[in-house]
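Trainee: fold the stuff below for me.
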Amino acid sequence: MARKSKYQIWQKKRQRIKYRIMQKNIGNHPRLVVYRSNANIYAQLVDDEKGITVLSASSIDKSIKSLIDKATNKIEKSKIVGESLAGKIKEAKIGRIVFDRNGYKYHGRVKALTEAIRSAEITI
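Mentor: Have a look, this model is predicted:
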């Protein structure tokens, strides 16, 4: 019996988590997916039923570039991205979303982004 690589094990675990998130999403609310690289953070709302991205925001958006340049650390950048996405969510009149942290710990930049969205009275 062949051993699986760490990547294959991680990938399988991620599939199970994503399946669990989709099963709990009874009301078919958009899913907030977070991706973070070493320098930037990206967040998007995905409609799983239609298979499309509804909204997105990132730390490389031109609309918030002036605010991002003033930020001193990555956590502040994440808060700005979260506030930007929260504004877009309010404009789209979406009241509730499901959070998919994409395997990242709920700590630091991921936490800052979601707390900024929660502070705009959007239910996660």
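
Trainee: phi, psi of the residue most central in space within the chain?
Mentor: With distances taken as Cα atoms, centre = their mean, the chain has Val34 as the residue nearest its mean C-alpha position (2.6 Å). Backbone dihedrals for Val34, given as degrees, to the nearest 10, come out at phi -110, psi 130.

Trainee: what does Thr123 give?
Mentor: The main-chain torsion angles of Thr123 are listed as degrees, to the nearest 10 and equal phi -80, psi 130.

Trainee: tell me the SS of Ala43?
Mentor: Ala43 falls in the strand class when you classify it by DSSP: H, G, I helix; E, B strand; the rest coil.

Trainee: any weak-confidence spans in this protein?
Mentor: By pLDDT under 70, the weakly predicted segments of the chain are 1-2, 26.

Trainee: sorry, back to before: show me what contacts the residue nearest to the centre of the chain?
Mentor: 41-43, 99-102, 104, 110, 113-114 (Cβ atoms under 8 Å, 6 or more residues apart in numbering). (C-beta placed from N, C-alpha, C; glycine too.)

Trainee: separation between it and Gly87?
Mentor: Val34 sits 17 Å away from Gly87, taking Cβ to Cβ, to the nearest Å as the criterion.

Trainee: next one: Ile94
Mentor: 12 Å.

Trainee: ranges for the strands of the protein?
Mentor: For the chain, applying DSSP state E gives strands covering 31-36, 41-47, 52-58, 98-100.

Trainee: save those as a markdown table, and put in distance to Asn73 too.
Mentor: Conversion of these to a markdown table gives the following (distance: least, Cβ to Cβ, whole Å):
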| stretch | distance to Asn73 |
| --- | --- |
| strand 31-36 | 14 |
| strand 41-47 | 12 |
| strand 52-58 | 17 |
| strand 98-100 | 23 |
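
Trainee: and of those, who's closest to Tyr7?
Mentor: If you check each of the strands of the chain against Tyr7 by Cβ to Cβ, strand 31-36 wins as the nearest, at 17.1 Å.

Trainee: ok, back up a step: who's the residue nearest to the centre of the chain bridged to?
Mentor: Beta-bridge pairing of Val34 under DSSP bridges involves Ala43.

Trainee: ok, back up a step: the strands of the chain: which one's closest to Lys79?
Mentor: Nearest to Lys79 among the strands of the chain is strand 41-47; the distance by Cβ to Cβ comes to 10.1 Å.
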